[in-house]
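Trainee: I'd like to go over a predicted model; first the sequence, then the structure.
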Amino acid sequence: MKKNNRVLVAMSGGIDSSIAALLLVEQGYELVGMTMKTWDYSTAGTSGKETGCCSLDSINDARQLAVSKGFPHYIVDIRGEFEESIVSNFVSEYMVGRTPNPCILCNTFMKWEALLKRADELNCYHIATGHYAQLAQKNGRYYVTKGIDGGKDQSYVLWGVSQENLARTIFPLGQYHKIEIRELAIKNGFDNLAKKSESYEICFIPDNDYRGFLKRQVKGLEDRVAGGEFVLRDGTVVGHHKGFPFYTIGQRKGLVAMGEPYYVTNIDAENNRIVIGPRDELMADKMIVGRINWQKYDHIDDGMKVEVQIRHHDPGAPALLFNDDNNTIRVEFLVPVSAITAGQSAVFFEDDDVIAGGFILKKL
């Protein structure tokens, strides 16, 4: 598609995507706003209030801003795709003992595709989002680099965006701090946006009770997984738990009293066993990462030193990378790290730049 000045901006109705749209208007872009309806709470059985891009209030806020600035706004219903791809994956991952991050899967493997499909239909070359991240280009490759606001940086969640999609992406907020975004909202007469509270829950679980959600999604789940055993690393049975899907690596609460703090160190889904141990047994220095998406480089040489982030707010740790079979990477940390969790994302950084990322398959 030939480049043009039209930008399809993803608008959740929150302050970040709204100010991203305002900044693009000021920069002279021709905007088209789009809000994605991903989930229907009326049939989900949750007790929490609708949040984020799924709520009627947020959709109305996005539309109101678009109207006030004179650009069109559309709502696209992707609930079917979302449930089939994101929610089903969320459930299936827990059912095999892994801990998924549905927001990463949704952002990088679904929303980008949905946005670009509609961008083509609406003759928009670029898409834009309200992520706190920056985009860079070197040697013909596009890659995400950290936003200047370290407390809000979202580069970790964007490791899965492909080269083709990054080439058409704009991140208007990467050069701003959050406090500046709030000031811009007030300056432009959108005090309501500046006062909006931010939601950090999974959008389809607004009450933050993933266990209750799993029970509603999987018929007879409690009967299928009840009566499992808590065991120590050597196999000693020390108690019984409520079912392996209801536990995550590093969890401390809801276990058995052992006289000192014990944590979930491993989940054996096949045998419905939860391995627990003291904090030192949470530590590991090797893991395997798969489903790699390359950004800054298209490969690495064995022994490359990087910073590896294994969860969203993890500060990162130095490690060496080695090529393994089947497009997997073996990560060897220079010092042990805590709670490596299968199903979560690992992102490899060179300074502030995303080299690549993938899903943690297992610790070694």
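Mentor: Looks like it arrived, so ask away.

Trainee: mind listing what the residue nearest the centre of the chain touches?
Mentor: Centroid-nearest residue in the chain, with Cα atoms, centre = their mean: residue 104, separated by 2.6 Å. Listed by Cβ atoms under 8 Å, 6 or more residues apart in numbering, the contact set of residue 104 reads 157, 159, 160, 345. Glycine gets a C-beta too; all of them are placed from N, C-alpha and C.

Trainee: From the residues you listed, which land in helices?
Mentor: Here DSSP state H is the test, and these give no hits in helices at all.

Trainee: how about these in TSV, adding pLDDT and neighbour count?
Mentor: Listed next are the contacts of residue 104 as TSV, based on pLDDT from 0 to 100; neighbours: other Cβ atoms under 10 Å:
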residue	pLDDT	neighbour count
157	94	22
159	96	27
160	94	23
345	96	25
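
Trainee: Which ones among the residues you listed lie within strands?
Mentor: Taking DSSP state E as the definition of strands, those contribute residue 345.

Trainee: mind putting the contacts of residue 104 in a markdown table, distance to residue 304 included?
Mentor: Output for the contacts of residue 104, formatted as a markdown table (distance: Cβ to Cβ, whole Å):
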| residue | distance to residue 304 |
| --- | --- |
| 157 | 23 |
| 159 | 16 |
| 160 | 20 |
| 345 | 19 |
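
Trainee: Specify which member of the contacts of residue 104 is nearest to residue 182.
Mentor: Nearest to residue 182 among the contacts of residue 104: residue 157, at 21.4 Å, using Cβ to Cβ.

Trainee: leaving aside the residues next to it on the chain, what's closest to residue 67?
Mentor: Spatial nearest neighbour of residue 67, chain neighbours left out: residue 73 (7.1 Å); criterion: Cβ to Cβ, 6 or more residues apart in numbering.

Trainee: Surely the one you found is in contact with residue 60?
Mentor: No. Applying Cβ atoms under 8 Å, one finds residue 73 not in contact with residue 60, separated by 10.4 Å.

Trainee: So between the two, which is more surrounded?
Mentor: residue 73 (20 against 12; other Cβ atoms under 10 Å).

Trainee: Under the pLDDT cut-off, which ranges of the chain? List them.
Mentor: 1, 41-54, 197-201 (pLDDT under 70).

Trainee: Tell me where the stretch 101-250 of the chain has strands.
Mentor: 126-128, 133-138, 141-146, 169-170, 228-231, 237-241 (DSSP state E, counting those that start in this stretch).

Trainee: could I get these as TSV with distance to residue 12 and mean neighbour count?
Mentor: Listed next are the strands of the stretch 101-250 of the chain as TSV, based on distance: least, Cβ to Cβ, whole Å; neighbours: other Cβ atoms under 10 Å:
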stretch	distance to residue 12	mean neighbour count
strand 126-128	12	23
strand 133-138	16	16
strand 141-146	19	21
strand 169-170	16	19
strand 228-231	39	20
strand 237-241	37	14
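
Trainee: can I get the ones you listed in a markdown table with distance to residue 189?
Mentor: Formatted as a markdown table, the strands of the stretch 101-250 of the chain follow (distance: least, Cβ to Cβ, whole Å):
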| stretch | distance to residue 189 |
| --- | --- |
| strand 126-128 | 21 |
| strand 133-138 | 27 |
| strand 141-146 | 31 |
| strand 169-170 | 24 |
| strand 228-231 | 56 |
| strand 237-241 | 53 |
